[in-house]
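1. Predicted model follows, preceded by the sequence.
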Amino acid sequence: MWSRHQGCVMVDRILISRPDITAGQIVKQHYPDSLFSSCIEVDELAAQISAYLSGEKIRFLLDNLRLDQCSAFQQQVLKTNFDIPYGRVSTYQRIAECIGRPKAVRATGSALARNPFPIVIPCHRVVSSDLNLGGYLGGLDMKRTLLELEGIDFDAFSRVSQVFCFKNKR
């Protein structure tokens with residue numbers, strides 16, 4: 001979903017299909033008055049997402065995302081999550097520590113669960129401290145598929161095999 005904000009095309013939200021509902025159905029259900037249209041900027045982002053899903057190593061930008069619609073805390077979490085490189089994962093705990101809120105692990109998970117820009121802000125790259133997948137809006141099968149697409153390996157118990165450590169940002 002996109003709109004013009006202060007004269008610029010901005011992405012308000014990226015909707016992904018889930019096993020039980022398509023993105024188109026989500027739009028019709030939650031945004032019945034929205035118009036189906038596009039523009040060059042949205043088409044370019046859609047092409048980048050498609051290329052990513054086809055296995056290309058894409059580095060997205062945050063420039064056209066309406067992060068201002070998120071709380072200050074969520075913005076911190078999302079921007080930190082954005083810094084996890086392609087093909088790496090981190091934990092909710094490590095993100096909470098990185099933003100200086102080590103006890104805010106659940107709040108970090110909640111902020112990521114409400115990520116309005118999945119794929120572009122790669123919340124699928126965040127797992128539980130025990131290296132299990134945790135949660136994902138598109139379902140755990142989709143999360144695992146996205147991680148495998150990026151080359152993440154899993155052990156016999158479906159836990160990820162490596163975790164990315166952030167450099168101290170403070």
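-> Great, that's in hand.

2. all strands for the protein, in order.
-> Here the chain has its strands, by DSSP state E, at 2-5, 8-11, 90-91, 126-127.

3. Quickly compare those strands and say which is most buried.
-> strand 126-127 (a mean of 26; mean count of other Cβ atoms under 10 Å). Where C-beta positions appear, they are placed from N, C-alpha and C, glycine not excepted.

4. Can you list the strands that that one pairs with?
-> Sheet pairing for strand 126-127, assigned by DSSP bridges, gives strand 90-91 (parallel).

5. Can you name the residues in contact with the strand it pairs with?
-> Residues outside strand 90-91 that contact it (Cβ atoms under 8 Å, 6 or more residues apart in numbering) are 81, 84, 125, 126, 127, 128, 129, 131, 163, 164, 165, 166.

6. Report the mean per-residue pLDDT for it.
-> Averaging pLDDT along strand 90-91 yields 94.

7. What of stretch 125-137?
-> 93.

8. so how far is it from its chain's centroid?
-> 13 Å (Cα atoms, centre = their mean, to the nearest Å).
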